[in-house]
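> Let me see the structure of the following:
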Amino acid sequence: MAKVPRSLADKVVAITGGARGIGEATARAFTAKGANVAIGDLDVELAKRTAGVLGGNTIALELDVTDRDSFASFVSQVEERLGPVDVLVNNAGIMPIGPFVEESDKTALRMIDINLHGVIFGCKLVMPGMMRRHSGHIVNVASQAGKGGFPGGATYCATKHAVVGLSEAIRAELRDYDVEVSCVMPAVVNTELGSGLVEARGVKISEPSDVADAIVDSVESPKFDVWVPKSTAAIARVMTLMPRSGREAIARALKADQVLWNADSSARAAYEDRAAHSEPGLEPTEAETVESRP
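The predicted structure is shown next:
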């Protein structure tokens, strides 16, 4: 007998990077379920506009996930205004791409700070309260780049592998506290971050709403591995049974090795610039700006 989905009505949901893309779609999806949603984003003005459009009991707060104090303040404000955090969606992330040897150290550190340290901070800040209440759900948005290595995105893949491993570990630590953990692994998504990427054979480009619906479903009916699109889960299962040479041959046949490596740099120019300036006051030199391989 199928389990009845958990109600999300009046649940407090905090979403990082919630002003645009997957974060905005996720805020929209939770709001539609009657949840009280807090959007955290570095671009607080955009977050406020997004919250205004979504309506309901949706609030917008400034958040720099790389700053523990900023994250702690975000969680504190959410709890003061909406109540204890029932669901944390660690969604904020950036993906500058290009040949690894041409990537500046500043770019690599920025990805690690946002994509990994931001997730670590978020988990550490909400876990104690969830453990005390024996209730809660942490959703970490990783990527299918967290399950394989893709040329052109070496450091990005490294951060997403780390998020997958982190999620697996804290899931085990939280087992006796009735706190759920989900790890979301989208393929290419039609967002600014995914602009100009090459489509792999047999793997359709998802919409932000597809990822948002999968996130909501993982909370209503708890599950750890969340593949978007769902069909990629079958591909992953087959790949795990293959020797490395076979996996690499399949990846080449599907053109998965070209997704990041042959991205359209002109189509990604606006995103790459915004990602490079994603920290207030960070003004990289021309040589430090990562561009995808032509």
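
> Distance from the chain centre to the helix ranked longest in the chain, please.
When the chain is parsed with DSSP state H, its longest helix is helix 154-174. Relative to its chain's centre, helix 154-174 lies at 12 Å (Cα atoms, centre = their mean, to the nearest Å).

> Give me the contact list for that helix.
By Cβ atoms under 8 Å, 6 or more residues apart in numbering, the residues outside helix 154-174 that reach it are 90, 93, 95-97, 100, 103, 107-108, 111-112, 115-116, 119-120, 123, 127, 130-131, 138, 140-143, 145-150, 180-183, 185, 224, 260. C-betas here are computed from N, CA, C, even on glycine.

> in the sheet, who's paired with Val184?
Val141, Val226 (DSSP bridges).

> That one against Val216, yeah?
No - in this structure, Val184 is not within contact of Val216 by Cβ atoms under 8 Å, at 10.9 Å.

> These two: which has the busier surroundings?
Val184 (27 against 23; other Cβ atoms under 10 Å).

> mind checking how far the more buried one is from Ala267?
Distance, Val184 to Ala267, by Cβ to Cβ, to the nearest Å: 25 Å.

> In helices only, show me the contacts of helix 154-174.
107-108, 111, 119-120, 123, 127, 130-131.

> ok so, going back, tell me the mean pLDDT for the longest helix of the chain?
Mean pLDDT, computed over helix 154-174, is 98.

> likewise stretch 119-132?
Per-residue scores along stretch 119-132 average to 98.

> Can you tell me what sits against that stretch?
With Cβ under 8 Å, 6+ apart as the criterion, stretch 119-132 contacts 14, 16, 65, 68, 71-72, 75, 79, 84-85, 88, 90, 136, 138, 140, 163, 166, 170, 174, 177, 179.

> name the helices or strands packed onto the lowest-mean-pLDDT helix or strand in the chain?
Among the helices and strands of the chain, helix 244-253 carries the lowest confidence by mean pLDDT, DSSP states H and E, at a mean of 81. Packing contacts for helix 244-253, counted by 3 or more Cβ pairs under 8 Å, 6 or more residues apart in numbering; DSSP states H and E, involve helix 231-240.

> Taking helix 244-253 as reference, get the angle to the helix it packs on.
If you take axes from the mean of the first three to the mean of the last three Cα atoms, to 10 degrees, helix 231-240 sits at 150 degrees to helix 244-253.

> Grab the CA positions of helix 231-240 and hand them over as PDB.
Output in PDB follows, covering the C-alpha atoms of helix 231-240 (Å, rounded to 0.1, in the frame of the first residue of the first chain):
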ATOM      1  CA  SER A 231      15.400   8.300 -16.700                       C
ATOM      2  CA  THR A 232      19.000   9.100 -15.800                       C
ATOM      3  CA  ALA A 233      18.800   6.800 -12.700                       C
ATOM      4  CA  ALA A 234      18.600   3.800 -15.000                       C
ATOM      5  CA  ILE A 235      21.700   5.000 -16.900                       C
ATOM      6  CA  ALA A 236      23.600   5.500 -13.700                       C
ATOM      7  CA  ARG A 237      22.700   1.900 -12.500                       C
ATOM      8  CA  VAL A 238      24.000   0.400 -15.700                       C
ATOM      9  CA  MET A 239      27.100   2.500 -15.600                       C
ATOM     10  CA  THR A 240      28.000   1.200 -12.000                       C
END
